[in-house]
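Peer 1: next input, structure requested:
(one chain, ligands or ions: 1)
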Amino acid sequence: MRLSRPFATAVFALAIAFACVQPQRGPVQVDAPQTPQQQAAAPATALPNRPDSLKFAVLGDFGDGSRGQYEMAAEMARVHQRFPYELVVTVGDNIYGSERAQDLVRKFETPYKPLLDAGVKFYASLGNHDSPEQRLYKWFNMDGKRYYSFKPDKQNVRFFALESAYLEPDQVSWLQKELEGSREDWKIPYFHHPPYSSGGRHGSHAQHRQVLEPLFVKFNVSAVFTGHDHIYERIKPQQGIVYFVTGSGGKLRRGDLDRRSGLTAAGDATDQAFVVAEISGDELFFNAISRTGRVIDSGVITRRK
Ligand SMILES: [Fe+2]
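Peer 2: Numbers count the residues shown, from 1 in each chain. Below is the predicted model of the structure:
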C-alpha cells in the first residue's frame, strides 16, 4: 500500500510525538518536585519503575566522611524508598585517606547503612585514591579482583568494572575477551578516569580514550560511567556511545564544568550528585539527582545493536 504524502507525513509526525511522550508515561517520578520554571526548562523523564526492570545507581568520588557525602547518602536512601534499586556501581575514589576499619565505618558503612540494611549491593571499581586492599572489603563485592565483570539477575545486562589507574595490557586484553564473549544485550563498563570530561581539574583522559573507545565501539557498548572530576556531566554521544562523569558523590569541585569543551550534553557543578538508572528491554532510563533531591538531568538511551 502506498501512502499519500500528506498522510505519510502525518503518520510520521504522530509516531515521533508518541515516541517523545513515551518516557513521560511512567507511573513514578523519582525526583523532588520542581518549580514550574524548572520543569519548563528541562522536563524530567520519569523512570518507569517496572517490576521486572534492572534498577541501579552510580556513585563516584564519595568516601571522604564529609557532610556532603552524608547528605548525598541520605538522599540516595530517600530515592531508594520510591525507586528500589538493587545495586550501586561505584566509579572509584571510594575511600579517601586512611582505610583502617574505623575509617571504613565512617566513610562507607555508616552513611550507606539504610541501603546496606535494605540489601542493596555495592560493586566497586577502584580510583587513584583507593588502595588495592579494597578488593577484599566485603561490602564492595569485588571478589578479590581489581577488575571484574558481573551479570545481575534481572534483564540482559553485564557490567565491567575496570581499574583505570593501572590500565596495563593484561587488563585491556582481559576486557577485550570479556566484551567479545559477552552475550548480554547491554554491556556497561564503569571505571574512574573519564575518556571524555569537561572537568577543569582533569578533563578527558586521551590515552584511555585511545585504548578503550575502539573496543566500546566494536562491541556495541551504549553507555559508560566514570568519575574523577568532581562534577556531574553527560557527554554528547561519541560514536554512538553516551559517557557519564559522576564524580561528585561526596566531593564537589564547584564551578569546575567547562562547557567551552563543546562536549557537554548536560552537566552540573553546583552540588553533589548521583545517578539512578533503569534498564528495561532495549531502553536505559536515567535521572541524575543532586544532594537536595533536584533532578539535574534525565533521559533515555536506546541500546546500540
Ligand atoms: Fe580521582
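Peer 1: enumerate the residues of the stretch 201-305 of the chain near the ion.
Peer 2: H228 (CB under 5 Å from the ion). Every residue, glycine included, has its C-beta placed from N, CA and C.
Peer 1: cutoff 8 Å now
Peer 2: Contact residues (CB under 8 Å from the ion) of the stretch 201-305 of the chain with the ion: H202, G227, H228, G247.
Peer 1: which of those residues ranks first by neighbour count?
Peer 2: G227 (35 neighbours; other CB atoms under 10 Å).
Peer 1: nearest to A57, of the residues of the stretch 201-305 of the chain next to the ion?
Peer 2: Nearest to A57 among these: G227, at 13.3 Å, using CB to CB.
Peer 1: OK, contacts around that closest one?
Peer 2: Contacts for G227 (CB atoms under 8 Å, 6 or more residues apart in numbering) come out as G60, D61, V91, G92, D93, G127, H192, P194, V245, T246, G247, G249.
Peer 1: so what's the first one closest to, chain neighbours aside?
Peer 2: With CB to CB, 6 or more residues apart in numbering as the measure, G227 is the residue that lies nearest to G60, at 2.9 Å, once sequence neighbours are left out.
Peer 1: check the one you found and give its pLDDT.
Peer 2: Per-residue confidence (pLDDT) for G227: 98.
Peer 1: and if you look at the one 10 residues further on?
Peer 2: Turning to P237, the model gives it a pLDDT of 98.
Peer 1: F159 in helix, strand or coil?
Peer 2: Three-state secondary structure (criterion: DSSP: H, G, I helix; E, B strand; the rest coil) places F159 in strand.
Peer 1: which strand residues bridge it?
Peer 2: With DSSP bridges as the criterion, the beta-bridge partners of F159 are F150, I188.
Peer 1: surely it touches F150?
Peer 2: Yes: taking CB atoms under 8 Å as the definition, F159 is a contact partner of F150 at 5.7 Å.
Peer 1: now the common contact residues for those two.
Peer 2: Contact with both F159 and F150 is made by residues Y123, according to CB under 8 Å, 6+ apart.
Peer 1: how about the residue nearest to R254 when sequence neighbours are not counted, phi and psi?
Peer 2: Leaving aside its chain neighbours, R254 sits nearest to A269 (6.0 Å; criterion: CB to CB, 6+ apart). Summarising the backbone geometry of A269 under the convention degrees, to the nearest 10, its torsions are phi -130, psi 40.
Peer 1: wait, A269 sits on L252?
Peer 2: Yes: proximity of A269 to L252 meets the contact threshold set by CB under 8 Å, at 7.5 Å.
Peer 1: mind listing the shared neighbours of these two?
Peer 2: With contacts taken as CB under 8 Å, 6+ apart, the residues that reach both A269 and L252 are H230, I231.
Peer 1: returning to that earlier point: would you mind measuring from the residue nearest to R254 to the ion?
Peer 2: Distance check for A269 against the ion: by CB to the ion, to the nearest Å, it reads 15 Å.
Peer 1: what's the burial count for that residue?
Peer 2: Close neighbours of A269, defined as other CB under 10 Å, add up to 22.
Peer 1: list the contacts of Y112.
Peer 2: Applying CB under 8 Å, 6+ apart, one finds that Y112 lies in contact with A73, M76, A77, V120, F122.
Peer 1: and the nearest residue to the first one once chain neighbours are set aside, helix, strand or coil?
Peer 2: Closest residue to A73 in three dimensions, ignoring its sequence neighbours and counting by CB to CB, 6+ apart: P111, at 3.7 Å. Three-state assignment for P111 (three-state DSSP): coil.
Peer 1: repeat that for R78.
Peer 2: With three-state DSSP as the basis, R78 sits in helix.
Peer 1: what's the local residue count around it?
Peer 2: R78: 15 surrounding residues under other CB under 10 Å.
Peer 1: likewise for the one 10 residues further on?
Peer 2: Applying the criterion other CB under 10 Å, we find 24 residues in the vicinity of V88.
Peer 1: then the one 5 residues further on?
Peer 2: D93: 26 surrounding residues under other CB under 10 Å.
Peer 1: just list the residues touching the one residue in the stretch 201-305 of the chain that gets nearest to the ion, thanks.
Peer 2: Distance from the ion to each residue of the stretch 201-305 of the chain (CB to the ion) is smallest for H228, at 4.1 Å. Going by CB under 8 Å, 6+ apart, H228 touches 60-61, 91-93, 127-128, 192-194, 197, 199, 202, 205, 245, 247.
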